[in-house]
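> Quick one: sequence plus predicted model below, questions after.
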Amino acid sequence: MALGTAAAVDQFRTAFPGKVVTPEVKPKYQGAVTRPWSQTCWTPAAGYVYLSNVQELTEALAIVKKTGSKFAIRKTGHNPNAGFSSADETAIVLDIRQFQSKELTSDGVARAGSGNTWARCIVTRFDLETHPLINVQYTINLYSPDDHVEINKATVAVQKAMEDDPKTGRAVCSVTTQVSQELYEEVYKSWTEVCKTLPAGCVLHYTIQPMGKAGVEAGKDRGENIMGHESIPQCWWVFTCEWPQEGSDDAVAQQAVNKMSETVHSLAREAGLLLDFKCMSFSMASQRVLGSYGAENIKRMQEAAAKYDPEGVFQKLQYGGFLLRNNV
């Protein structure tokens, strides 16, 4: 354990008695290590500090700053990148999943703490903008009753599988392109070839996520955003590989998503269809997400960081994530 981290753990124990979990407390520590949704994030940190409110987080960050300890922030999300909400023995994890405050303001705005989930927050009304009625295209899959035996067999198989919840590893990556049937066909061919290289139990799948011009324009109408979207129809590709906990296929899975990312990137670039933007929610840790937002937006983020974090605590001491220090 690094000296700064060891000093931080001691100070956390004093500041937050009963809220610090370290390797000496084996059952609780193992539970903290394996708390993330994806086993790729099950890396043992020097300690886990469970914080309940913003005041405690402020005190915790003061200790981090004073000791120079590396830290990671853990919330309720499902990001599978190791080091984003997890850390190794050189850093501590500040767990803010207990930020579960809920408030309804006098003007009808609900304020929910970052640790809330949909199990704790129940939406009873949505106020929606309306638009002129348009034709909507949809698809319903119907199956012939002549094949009822196989239909029922598949239904039962799904229901039985729902009872089994094996822990899995997960690797993701994202590429953004313009829309092209030829490109989509080439991506499919590449996917089938990569799937052939995977061991049993290792599943590679991809998602075509359309983003229309209207969606980009809606963002601009509401004050723009920091991501620098181009006002053209586009596809946010997501490539995901998942494998069972008992397997040892971490490297193979990562190679699979790397291969898909490199292949689609190359195909789109050659066809003049590649776009810079990378969707943060589905990008692997090595992808330069912030750098894909464009020079002007990078400058805006750097200016904001200089204003609100002039000493660079979140850039220098945060264990991992899509950070300005290495992502532009």
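That came in fine, so what should we check first? Residues are numbered from 1 along each chain as shown.
> and L128, backbone torsions?
Main-chain dihedrals, L128, degrees, to the nearest 10: phi -110, psi 140.
> ugh, wrong one, I meant L51
Phi and psi for L51, reported as degrees, to the nearest 10, are phi -110, psi 150.
> And for it, the neighbour number?
Other residues lying near L51 total 24 when counted by other CB atoms under 10 Å. In short, each C-beta sits where N, CA and C put it, glycine included.
> Would you agree it is in contact with F12?
No: using CB atoms under 8 Å, L51 is not in contact with F12, being 9.8 Å away.
> Can you check which residues contact both of those two?
Common contacts of L51 and F12 (CB atoms under 8 Å, 6 or more residues apart in numbering): 19, 60.
> Return the set of buried residues in the longest helix that the chain contains.
Scanning the chain for the helix with the most residues, using DSSP state H, yields helix 250-270. Residues 250, 252-261, 263-265, 267-268 are the ones in helix 250-270 that count as buried (16 or more other CB atoms under 10 Å).
> what's the closest of those to E224?
Of all the buried residues of helix 250-270, E224 sits closest to A268, with 25.3 Å by CB to CB.
> Now do the contacts for the closest one.
Counting by CB under 8 Å, 6+ apart, A268 has contacts 175, 177-178, 183, 274-275.
> cool, V203 as well?
Counting by CB under 8 Å, 6+ apart, V203 makes contact with 241-243.
> Tell me the one among those nearest to M227.
Nearest to M227 out of the contacts of V203 is C241 (CB to CB; 25.3 Å).
> Distance of the closest one relative to T168?
Distance of C241 to T168, computed by CB to CB, to the nearest Å: 10 Å.
> Check V194 too.
With distances taken as CB to CB, V194 is found 18 Å from T168.
> now G291
With distances taken as CB to CB, G291 is found 30 Å from T168.
> With A112 instead?
Distance from A112 to T168, by CB to CB: 29 Å.
> Neighbour count: the two, which is higher?
Between A112 and T168, counted using other CB under 10 Å, T168 has the larger neighbour count: 21 against 14.
> partner residues bridging that one?
Note on T168: beta-bridge partners P244, judged by DSSP bridges.
> is it true that it touches Q39?
Yes: between T168 and Q39 a contact is recorded at 6.5 Å, counting by CB under 8 Å.
> remind me which residues of the stretch 51-200 of the chain are low pLDDT?
Along the stretch 51-200 of the chain, no part satisfies pLDDT under 70.
> okay, now D276: neighbour count?
Number of residues near D276 (other CB under 10 Å) recorded here: 13.
> can you check the one 4 residues further on too?
Burial of M280, expressed as a neighbour count using other CB under 10 Å, amounts to 17.
> ok, now which ones touch it?
By CB under 8 Å, 6+ apart, the contact set of M280 is 289, 322.
> Can you give me the distance of it to A271?
The gap separating M280 from A271 is 25 Å, by CB to CB.
> ok, now V216?
Computed as CB to CB, the V216 to A271 distance reads 21 Å.
> G31 too?
49 Å.
> if we can go back for a sec, out of the contacts of A268, who has the most neighbours?
Using other CB under 10 Å as the neighbour criterion, V175 leads these with 27 neighbours.
> Helix, strand or coil: sort out it for me.
Of the three states, V175 takes strand according to DSSP: H, G, I helix; E, B strand; the rest coil.
> That one touches E262, doesn't it?
No: taking CB under 8 Å as the definition, V175 is not a contact partner of E262, at 9.3 Å.
> Tell me how many other residues crowd W42.
By other CB under 10 Å, the residues close to W42 number 16.
> Can you report phi and psi for it?
As for W42, its main-chain torsions (degrees, to the nearest 10) stand at phi -80, psi 70.
> And R170, by the same measure?
The phi/psi pair for R170 (degrees, to the nearest 10) is phi -150, psi 130.
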